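**Student:** build me a structure from this.
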Amino acid sequence: MDTATKIKFMMIPNGPCPPPHRPHVTCPGPTKKAATTSRVLGPAHPDTLGVRREHARWTGLDGDPAARHELSELLPVMESTLGAEHPRTVAARRDLASWTEQAAE
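**Tutor:** Numbering: from 1, shown residues only. So this is what the prediction gives:
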């Protein structure tokens, strides 16, 4: 397995972390995952953009308003790299709208 594939699989969780049957397991933080992917694959690589979007998504699901900031910085890069209608770009735009709406409430 090449380095890019290893990192890609490392970045995508296979369920909850830590797993319910192993609560003592320490999971690598999403910030570290995003930084590692960016360093190895490059900041505009499609997999890096996907990891950064997932990081922002989980940040928003945790109720952290920083998700809006992360997505507002990420969205223009996704649009220029992947295209405005790419599914990941559309998902990032949807997430940004959701977190912006929640912040207004």
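
**Student:** what about residue 38, neighbour count?
**Tutor:** Residues lying near residue 38 (other Cβ atoms under 10 Å) number 17. For the C-beta atoms, the positions are set from N, CA and C on the backbone; glycine is no exception.

**Student:** report the buried residues of the strand or helix carrying it.
**Tutor:** Assigned by DSSP states H and E, residue 38 falls within helix 30-41. Of the residues in helix 30-41, 30, 33-34, 36-38, 41 count as buried by neighbour count, 16 or more other Cβ atoms under 10 Å.

**Student:** and for stretch 52-64?
**Tutor:** Buried residues in stretch 52-64, counting neighbours by 16+ other Cβ under 10 Å, are found at 52-57, 59-60.

**Student:** so which residues make contact with it?
**Tutor:** Stretch 52-64 is contacted by residues 11-12, 30-31, 33-34, 37-38, 66-68, 70-71, 74, 78, 88, 91-92, 95, 98-99, 102 when judged by Cβ atoms under 8 Å, 6 or more residues apart in numbering.

**Student:** one more time with 10 Å, if that's ok
**Tutor:** In this structure, residues lying in contact with stretch 52-64 by Cβ atoms under 10 Å, 6 or more residues apart in numbering are 11-13, 29-35, 37-38, 43, 65-75, 77-78, 88-89, 91-92, 94-96, 98-99, 102-103.

**Student:** select only the buried ones of those in PyMOL?
**Tutor:** Buried residues within the contacts of stretch 52-64, by 16+ other Cβ under 10 Å, are selected in PyMOL with:
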select buried, resi 11+30+33+34+37+38+67+68+70+71+74+75+77+78+88+89+92+95+96+98+99
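
**Student:** which strands and helices sit next to the helix holding residue 38?
**Tutor:** With contacts taken as 3 or more Cβ pairs under 10 Å, 6 or more residues apart in numbering; DSSP states H and E, helix 30-41 sits against helix 3-11, helix 46-61.
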